[in-house]
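# heads up, no residue letters with this:
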């Protein structure tokens, strides 16, 4: 077996796995988004934690669709020896790689800027939609319960909110150490429960090695995929002649 044939075979097998994985993730995301109740029923005793999975159904659909596209382009491009499909595969992987590098640079160099963007989204959602919108309320209740935190910054995110007005000046019970209602702003201030953003940052710092290792591994795989696709692309002319 020649080098070209071996690389082609590995390209087909590797992208077939990517395609199947993306198809599975896509199907699961659609199932979770359309029929979350049966998904939670399947989880049984873990259904309370399953709420978090239901909230990311659309994210699974997006990632699954990208993986399906990548796997299809890579597998068909290698099998049919199509320079057009191989170039398209290379372009998709390159764009994903550049986006990941850009996101990493922004996260490391402009963390305060990223925090400002998140706060601009999270604070209005807490003030306007918490307690009235089921999806927003469920997402924040799950986050605050799991991380033992209050709001995005702290309890002040709920001061003057729709939830506070409708509950006679009471904040969510998680904002007070007693974890009981009513939870007044004064009691929440004395409790000093931290905001969820600080907890998320602490969790990321504690698992920085794992996150960095996974990111580096994904980056190496993407670079390898681009090198292999370019190898096949450049050697197709020699194979034809």
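Nice, thanks for sending it over. Bear in mind that the values here come from a model prediction, so they are computed numbers and not experimental data. Residues are numbered from 1 along each chain as shown.
# what number of residues lie near residue 163?
19 (other C-beta atoms under 10 Å). Using the backbone N, CA and C atoms, a C-beta is placed for each residue, glycine as well.
# Which strands and helices lie in contact with the host helix or strand of it?
Using DSSP states H and E, residue 163 sits within helix 162-166. Identification of packing neighbours for helix 162-166 by 3 or more C-beta pairs under 8 Å, 6 or more residues apart in numbering; DSSP states H and E yields helix 111-128.
# next SSE after the helix holding residue 163?
Next along the chain from helix 162-166, counting by DSSP H and E, comes helix 185-191.
# Poorly predicted segments of the chain, please.
Low-confidence regions of the chain, defined by pLDDT under 70, span residues 1, 32-33, 35-57, 107-115, 117-118, 179-180, 204-205, 207-208, 211, 237-241.
# ok, 50 please
Along the chain, the model assigns pLDDT under 50 to residues 39-54.
# ok, which stretches of it are strands?
In the chain, no segments count as strands under DSSP state E.
# Helices of that one, start to end?
3-34, 36-43, 47-55, 57-79, 83-109, 111-128, 134-147, 162-166, 185-191, 196-206, 208-240 (DSSP state H).
# Can you give me the buried ones in the first one?
Residues of helix 3-34 classed as buried under the neighbour-count rule (16 or more other C-beta atoms under 10 Å) are 7-8, 11-12, 14-16, 18-19, 22-23, 25-26, 28-29, 32-33.
# what's the most buried one of the helices of the chain?
helix 57-79 (a mean of 19; mean count of other C-beta atoms under 10 Å).
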